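Sequence and predicted structure, then a few things I'm wondering about:
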Amino acid sequence: MEKLIMFMMILASCLSFWVKDVEIVLMDRAYRTIQYGLEHAVHDAALQVEIMPLSEGFIVFDQPKAEEVMLESIQHNLPVDSMLSPSSDIFFTEPLKIIDIVYLDDNFVGSFPMTWEYMLPNGKKFERAIFGPSVALIVDVKVQGAGKTTPFVVIQEYKGYEG
Amino acid sequence: MIPMIDETKLVILANPLKRGSLVYGGLFMEKLIVFMMLLPFSLILLFQPALDRLEEGREKVVQVAIQRGVERAAIDGYFTDDIKNDMYAVLSAVGYQEEDIEFKGTERPTYRGDYIEGTLKVPNKYQFLMFENLFEGRTTDNYHIHTATRMSEFIN
């Protein structure tokens, strides 16, 4: 009888560990999917450049178009509606919060390559070397199971650019 | 007074085979039944976590394959045979045959500004395998499905 009780206790603890494990796997998958989805979105936004400056050799982003396309691409890759609130709560339950969209193009002060610094809302400083005109997107997501919001910073560059 | 020794009992105690049948007979059956009842749980605890971990790893590989594929397809305008074969090569490294893999995607040249889409679907054979087999007696077909959409960069 004692052995049976012991076995049941082991079973219960194993099951609780197992549930925790599944939660962690889902969280991991959510992080990966969000990262990939935002990378596609920012890539698509970076494709929207203005034609006139481009014919003179400058890259200037068409910002309204880029934002429109970014929103559409996020909806293609992540389970969100047009207001960025989740349509299924597997990955996140609260709407994605776009903190900032930074266009580092030829209208931006500075020359390439440069070190781009950004102060994230949680007080940490983000630093990265940028080699060409870029679009950077900063999104706050409360990932399911993570307990706090995570800032995602995704950047798409035109590399090998001399300007 | 000299105590009397029952010779038949002495023989039984000395002989291990008979001892087992006489003294432990009932207890043994009880233990066997308990063991058989607990066996499914033991099997699941022993083997299912490892099988789950295997499928979790394969799920990651599938996602990386399709995301990398769509990034390359954005440059070429569509999923070329080259890109598809590379995706199949990545998946074959984790044990998928080419006939297991279902791929759906943009196969016609798409120009800059239009969306390219790709979906990979492969069977998920081992997750929850023992649950279903031991408790429900049937298996359902599970799949790993990953989709990626990205704008084409291709200029004619």
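Thanks, I have it. Numbering: from 1, shown residues only, chains lettered A, B, ... in the order given.

Could you use CA atoms for every contact and neighbour count after this?
Fine.

Can you tell me which residues in chain A are near chain B?
Contacts of chain A with chain B, taken as CA under 8 Å from any CA of the partner chain, map to A:11, A:14, A:18, A:25, A:36-37, A:40-41, A:43-44, A:47, A:73, A:76-77.

which residues in chain A form strands?
A:97-104, A:114-119, A:125-130, A:134-142, A:149-157 (DSSP state E).

deepest of those, which one?
Neighbour counts (mean count of other CA atoms under 10 Å in any protein chain shown) averaged over each of these peak at strand A:134-142, with a mean of 21.

partners of that one in the sheet?
Paired with strand A:134-142 in the same sheet, following DSSP bridges, are strand A:97-104 (antiparallel), strand A:149-157 (antiparallel).

So what's the gap between the shortest one and the chain middle?
Yep, that's strand A:97-104 we're talking about. Distance, stretch centre to chain centre, for strand A:97-104: 11 Å (CA atoms, centre = their mean, to the nearest Å).

In chain B, which residue is most central in space?
Closest to where the C-alpha atoms of chain B average out (CA atoms, centre = their mean) is residue B:126, at 1.8 Å.

Now the phi/psi pair for it, please.
The phi/psi pair for residue B:126 (degrees, to the nearest 10) reads phi -110, psi -10.

Can you report how many residues lie near the closest residue to it other than its chain neighbours?
Using CA to CA, 6 or more residues apart in numbering or on different chains and skipping the chain neighbours, the partner closest in space to residue B:126 is residue B:51 (5.8 Å). Residues lying near residue B:51 (other CA atoms under 10 Å in any protein chain shown) number 18.

ok, residue B:51 touching residue B:127?
Yes - counting by CA atoms under 8 Å, residue B:127 is a contact partner of residue B:51 at 6.4 Å.

Taking the residues of chain A next to chain B together, which two end up most distant?
The span of these, defined through CA to CA, is set by A:11 and A:47 at 54.2 Å.

Give me the more crowded residue out of the two.
A side-by-side neighbour count of residue A:11 and residue A:47, using other CA under 10 Å, places residue A:47 first with 21 against 15.

On the pLDDT front, check the more buried one for me.
pLDDT, residue A:47: 90.

One more: the one 3 residues further on?
According to the model's per-residue confidence, residue A:50 sits at a pLDDT of 89.

Not counting its neighbours along the chain, what's nearest it?
Using CA to CA, 6+ apart and skipping the chain neighbours, the partner closest in space to residue A:50 is residue A:62 (5.3 Å).

List the contacts of the one you found.
Under the criterion of CA atoms under 8 Å, 6 or more residues apart in numbering or on different chains, the neighbours of residue A:62 are A:48, A:49, A:50.

hmm, which of those are the buried ones?
Among these, those buried by neighbour count (16 or more other CA atoms under 10 Å in any protein chain shown) are A:48, A:49.

And the contacts of residue A:62, which is closest to chain B?
Nearest to chain B, judged by CA to the nearest CA, of the contacts of residue A:62 is residue A:48 at 8.1 Å.

That closest one and residue A:59 touch, don't they?
No - contact criterion CA under 8 Å: residue A:48 and residue A:59 do not qualify, at 9.8 Å.

low pLDDT regions in chain A?
Residue ranges of chain A with pLDDT under 70: A:110, A:160-163.

Can you show me the helices along it?
A:2-46, A:51-55, A:63-77 (DSSP state H).

Highest mean neighbour count out of the ones you listed?
Most buried among these, counting by mean count of other CA under 10 Å: helix A:63-77, with a mean of 19.

And the contacts of that one?
A:37-38, A:40-42, A:44-48, A:80-82, A:84, B:147-150.

again, only this time at 10 Å
A:33-34, A:36-50, A:80-86, A:101-103, A:135, A:137, B:113, B:115, B:117, B:146-151 (CA atoms under 10 Å, 6 or more residues apart in numbering or on different chains).

That one to strand A:97-104, inter-axis angle?
Orientation of helix A:63-77 against strand A:97-104 (axes from the mean of the first three to the mean of the last three CA atoms, to 10 degrees) gives an angle of 130 degrees.

Return the helix or strand in chain B with minimum mean pLDDT.
One helix or strand of chain B scores below all others by mean pLDDT, DSSP states H and E: helix B:16-23, with a mean of 53.
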